[in-house]
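can't give you the sequence, but here's the structure:
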């Protein structure tokens with residue numbers, strides 16, 4: 001193992017995305033011994049819409065990475081525009097999404113995750129990359145984690161508390177929640193970076209089309225993020241070829257034809273199956289907390305995936321640093337988690353079900369797009385209470 005590991009850690013975190021790294025920073029800054037374990041080698045690309053909502057910017061300031069993010073020169077995203085299949089538009093002012101009157105930004109996950117893990121190291125977090133983790137139980141409690149490096153070396157590390165920040169894969173949680181045998185994926189998500197897209201300046205555009213929806217927005221360095229979901233059956237029919245899917249499915253949206261047809265892919269496609277949306281378990285086992293997508297996977301159309309990663313990390317960090325007994329930590333985290341996300345996840349599920357009917361989705365976009373007040377209410381329905389304080 002590359003790091004000089006301690007005999008026992010206060011907190012061991014598996015997964016170094018925004019949820020895992022930001023939790024590590026907060027907990028280490030509070031004086032706890034933290035080990036952060038990541039399966040990949042950073043920097044690396046990650047399937048993500050790379051839409052950073054305005055509420056995230058306050059987290060960046062608290063974490064101390066806002067100066068570095070400014071140096072990256074991310075693209076400002078002033079509004080999110082939903083387009084029906086025929087091109088009808090619903091415009092959402094992104095300042096409605098939070099209480100600070102700030103805009104969203106477009107920022108690649110490769111850059112964001114690298115900045116966060118660097119900040120974690122500066123906070124005194126021990127970090128292992130290219131390392132897998134396997135939970136070890138003792139008397140029904142997660143007591144330690146077995147780590148394995150690429151060269152086959154393994155080591156067991158004891159920990160007081162473990163955090164699963166492994167995203168949709170739930171690498172630790174699934175050992176306890178029975179999700180190992182997940183149902184077959186109904187949808188597949190794809191992502192690529194583009195050059196030459198004709199997206200409206202300062203906009204994140206969302207396109208509705210038969211079998212799913214997708215979005216495109218500018219990030220740094222003149223690149224655009226294209227991220228979309230499609231029914232698994234359609235993916236199979238098109239031989240799992242993302243270029244065919246992009247051209248033959250997404251371009252059935254009138255607006256997408258205008259903005260995406262001239263674009264070219266820069267780099268490689270990423271794809272993952274989507275087996276489950278919505279609520280999971282924030283405390284999957286004794287000794288284990290889950291944050292980010294490992295706890296719940298909110299619908300991508302909300303543009304709040306990175307936000308929820310940062311929010312859950314903060315809630316978990318607060319529970320850990322304010323309590324000593326795990327039962328108290330679990331109780332505090334469950335309570336704050338439910339208060340923050342129960343309504344938002346429920347509203348998202350309702351919109352998801354309605355959106356499965358393309359005609360209904362088109363009608364909703366037309367209706368909400370006809371009134372600024374209705375659009376604002378709809379945009380805030382999947383946000384925290386702070387968004388309701390935003391000025392008109």
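Nice, thanks for sending it over. Computed from a prediction, not measured in an experiment: that's the story for all the values here. Numbering: from 1, shown residues only.

which residues in the stretch 51-200 of the chain form strands?
Along the stretch 51-200 of the chain, counting by DSSP state E, counting those that start in this stretch, strands occupy 51-52, 75-77, 79-83, 89-93, 104-106, 126-128, 132-138, 141-148, 154-164, 187-195.

which of those sits most buried?
strand 51-52 (a mean of 28; mean count of other C-beta atoms under 10 Å). Backbone N, C-alpha and C define where each C-beta goes, glycine included.

could you give the mean pLDDT of it?
Average pLDDT, strand 51-52: 94.

packing partners for it?
When contacts are defined as 3 or more C-beta pairs under 8 Å, 6 or more residues apart in numbering; DSSP states H and E, strand 51-52 packs onto strand 104-106.

Enumerate every residue touching the residue lying closest to residue 87 once chain neighbours are set aside.
Excluding the flanking residues, the one nearest residue 87 by C-beta to C-beta, 6 or more residues apart in numbering is residue 254, at 3.8 Å. Residue 254 sits next to 83, 85-87 when contact means C-beta atoms under 8 Å, 6 or more residues apart in numbering.

distance of the most far-flung residue of the chain relative to its centre from residue 176?
Here the chain reaches farthest from its C-alpha mean at residue 139, the gap being 33.4 Å by C-alpha atoms, centre = their mean. According to C-beta to C-beta, to the nearest Å, residue 139 and residue 176 sit 14 Å apart.

Check residue 152 too.
Using C-beta to C-beta, residue 152 is found at 26 Å from residue 176.

So for those two, which residue has more residues nearby?
Counted by other C-beta atoms under 10 Å, residue 152 and residue 176 do not tie: residue 176 has more neighbours, with 21 against 6.

For the residue nearest to the more buried one when sequence neighbours are not counted, give me its contacts.
In this structure, residue 176 finds its nearest non-sequential neighbour in residue 285, 4.0 Å apart by C-beta to C-beta, 6+ apart. Neighbouring residues of residue 285 by C-beta under 8 Å, 6+ apart: 135, 141-142, 173, 175-176.

same question, residue 115
Residue 115 makes contacts with 65, 68-69, 72, as judged by C-beta under 8 Å, 6+ apart.

got it, and residue 187?
Residue 187 is in contact with 212, 229-232, 273-274, counting by C-beta under 8 Å, 6+ apart.

at 6 Å what do you get?
Residues counted as contacts of residue 187 (C-beta atoms under 6 Å, 6 or more residues apart in numbering) are 229, 231, 274.

still on that earlier bit, JSON lines for the contacts of residue 254, including distance to residue 157 and pLDDT?
Output for those, formatted as JSON lines (distance: C-beta to C-beta, whole Å; pLDDT from 0 to 100):
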{"residue": "83", "distance to residue 157": "49", "pLDDT": "93"}
{"residue": "85", "distance to residue 157": "52", "pLDDT": "86"}
{"residue": "86", "distance to residue 157": "56", "pLDDT": "84"}
{"residue": "87", "distance to residue 157": "55", "pLDDT": "83"}
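
Dump the residues you listed into JSON lines; add distance to residue 342 as well.
Below are the contacts of residue 254 laid out as JSON lines (distance: C-beta to C-beta, whole Å):
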{"residue": "83", "distance to residue 342": "30"}
{"residue": "85", "distance to residue 342": "32"}
{"residue": "86", "distance to residue 342": "35"}
{"residue": "87", "distance to residue 342": "35"}
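
hang on, the earlier thing: now the contacts of residue 115: which count as buried?
Neighbour-count burial (16 or more other C-beta atoms under 10 Å) applied to these gives 65, 68-69, 72.

any chance of the residues you listed in JSON lines, plus distance to residue 109 and pLDDT?
Formatted as JSON lines, those follow (distance: C-beta to C-beta, whole Å; pLDDT from 0 to 100):
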{"residue": "65", "distance to residue 109": "14", "pLDDT": "97"}
{"residue": "68", "distance to residue 109": "15", "pLDDT": "95"}
{"residue": "69", "distance to residue 109": "13", "pLDDT": "95"}
{"residue": "72", "distance to residue 109": "12", "pLDDT": "94"}
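
and which of the residues you listed is nearest residue 268?
The closest of the buried ones among the contacts of residue 115 to residue 268 turns out to be residue 72 (C-beta to C-beta; 21.2 Å).

in the protein, which spans are helices?
For the chain, applying DSSP state H gives helices covering 18-29, 54-63, 66-72, 109-122, 174-177, 232-237, 242-248, 254-260, 305-322, 326-355, 358-369, 372-380.

Between the ones you listed, which one is closest to residue 95.
Using C-beta to C-beta as the measure, helix 54-63 is the one of the helices of the chain that comes nearest residue 95, at 6.5 Å.

right, and residue 60 touches residue 66 too?
Yes - here residue 60 reaches residue 66: they are 4.5 Å apart, a contact under C-beta atoms under 6 Å.

Identify the residues contacting residue 27.
Residue 27 sits next to 11, 34, 317, 320 when contact means C-beta under 6 Å, 6+ apart.

Look up how far residue 269 lies from the third one.
I take that to be residue 317. Taking C-beta to C-beta as the measure, residue 317 falls 35 Å from residue 269.

What of the second one?
As for residue 34, its distance to residue 269 is 34 Å (criterion: C-beta to C-beta).

just the last one next, same as before
Between residue 320 and residue 269 the distance, using C-beta to C-beta, works out to 38 Å.

of these two, who's got more company?
residue 320 (25 against 16).

On the pLDDT front, check that one for me.
Predicted confidence (pLDDT) for residue 320: 97.

What of residue 180?
What the model reports as pLDDT for residue 180 is 50.

now do residue 120
The model's pLDDT for residue 120 equals 98.

I'd assumed residue 22 was in contact with it.
No - if you go by C-beta under 6 Å, residue 120 and residue 22 don't touch, sitting 8.2 Å apart.

The two: which is more packed in?
residue 22 (32 against 27).

Neighbours of the nearest residue to that one once chain neighbours are set aside, how many?
Setting aside the residues directly before and after it, residue 22 is nearest to residue 313 in space (C-beta to C-beta, 6+ apart), at 4.2 Å. As a burial measure, residue 313 scores 29 neighbours (other C-beta under 10 Å).

Could you do residue 45 as well?
17.
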